[in-house]
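Colleague: I would like to see how this sequence folds:
(2 chains)
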Amino acid sequence: SQTIHQWPATLVQPVGSPLSLECTVEGTSNPNLYWYRQAAGRGLQLLFYSIGIDQISSEVPQNLSASRPQDRQFILSSKKLLLSDSGFYLCAWSSYGQGIRNEKLFFGSGTQLSVL
Amino acid sequence: SQQGEEDPQALSIQEGENATMNCSYKTSINNLQWYRQNSGRGLVHLILIRSNEREKHSGRLRVTLDTSKKSSSLLITASRAADTASYFCATVPNSGGYQKVTFGTGTKLQVIP
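Modeller: Model prediction:
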């Protein structure tokens, strides 16, 4: 069966510090991978999605970047965090577009990031 | 940017009552999905309805889709305290970037025992 791992669960970082959040998927190959951010009590904002290695689409022009060093690994980074980067970060995967009609997303458990 | 807008933003009902949440979206879609999120957790997929479908059922869930009005509704019948959560609609576009799944603002449902 497929599983998604996201860590850390909680992170407190000072303004101006770097960020690295990691997400890995097991049990599937060539998944579509996603990073979303959720402000407290709000909806999900799509940050990045990737349909393959070296194929990453950015939805938000901010100080965040994403990389996919391996097929099932998705990393969210920042060189210098801002206060506004605080939020709940969610990684997700799907297998849509691979001849499998399964468009639903499977989410990780999230990372609560507080920038102080 | 948010593709969908849910209303109401918050809903409080008694156990046993039905809960209805609505979602409006802006662009042409391939399908629309509903997800549930317990506080501080990841989202869980509930149901998917395709653009050529008008209604779909899954257990106590009933979803309708009106593509002419670009809207969908989620009905939870005979609600239970365990249904307390936030509910989000998500859309998959009809052209280019089928993988781009965007979410609405969510409805926070409280079911009072």
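Colleague: now stretch A:33-49: mean pLDDT?
Modeller: If you average the pLDDT over stretch A:33-49, you get 91.
Colleague: B:T67: what's it in contact with?
Modeller: Contacts for B:T67 (Cβ atoms under 8 Å, 6 or more residues apart in numbering or on different chains) come out as B:S28, B:I29, B:S51. Quick note: C-beta positions are derived from backbone N, CA and C, even for glycine.
Colleague: for the first one, phi and psi?
Modeller: The phi/psi pair for B:S28 (degrees, to the nearest 10) reads phi -60, psi 140.
Colleague: could you find the closest non-adjacent residue to it?
Modeller: For B:S28, ignoring the flanking residues on the chain, the nearest one in space by Cβ to Cβ, 6 or more residues apart in numbering or on different chains is B:N94 at 4.2 Å.
Colleague: please indicate which of the contacts of B:T67 are buried?
Modeller: The neighbour-count criterion (16 or more other Cβ atoms under 10 Å in any protein chain shown) marks B:I29 among the contacts of B:T67 as buried.
Colleague: next, format the contacts of B:T67 as a markdown table and append distance to A:T24.
Modeller: Putting these into a markdown table (distance: Cβ to Cβ, whole Å) gives the following:
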| residue | distance to A:T24 |
| --- | --- |
| B:S28 | 34 |
| B:I29 | 30 |
| B:S51 | 33 |
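Colleague: for chain A, what's the nearest residue on chain B?
Modeller: When you check chain B against chain A by Cβ to the nearest Cβ, the closest residue turns out to be B:G42, at 3.4 Å.
Colleague: surely that residue and A:L105 touch.
Modeller: No. Using Cβ atoms under 8 Å, B:G42 is not in contact with A:L105; the gap is 9.5 Å.
Colleague: what about the two, which has more around it?
Modeller: A:L105 (27 against 20; other Cβ atoms under 10 Å in any protein chain shown).
Colleague: re earlier: now do the same contact list for the residue nearest to B:S28.
Modeller: In this structure, B:N94 makes contact with B:T27, B:S28, B:I29, B:N30, B:S51, judged by Cβ under 8 Å, 6+ apart.
Colleague: just the ones in strands from these, please.
Modeller: Of the contacts of B:N94, the ones assigned to strands by DSSP state E are B:I29, B:N30.
Colleague: so how many other residues sit close to the closest residue to A:S67 other than its chain neighbours?
Modeller: Among residues not flanking A:S67 along the chain, A:I75 sits closest, at 4.9 Å (Cβ to Cβ, 6+ apart). When neighbours are defined as other Cβ under 10 Å, A:I75 has 19 of them.
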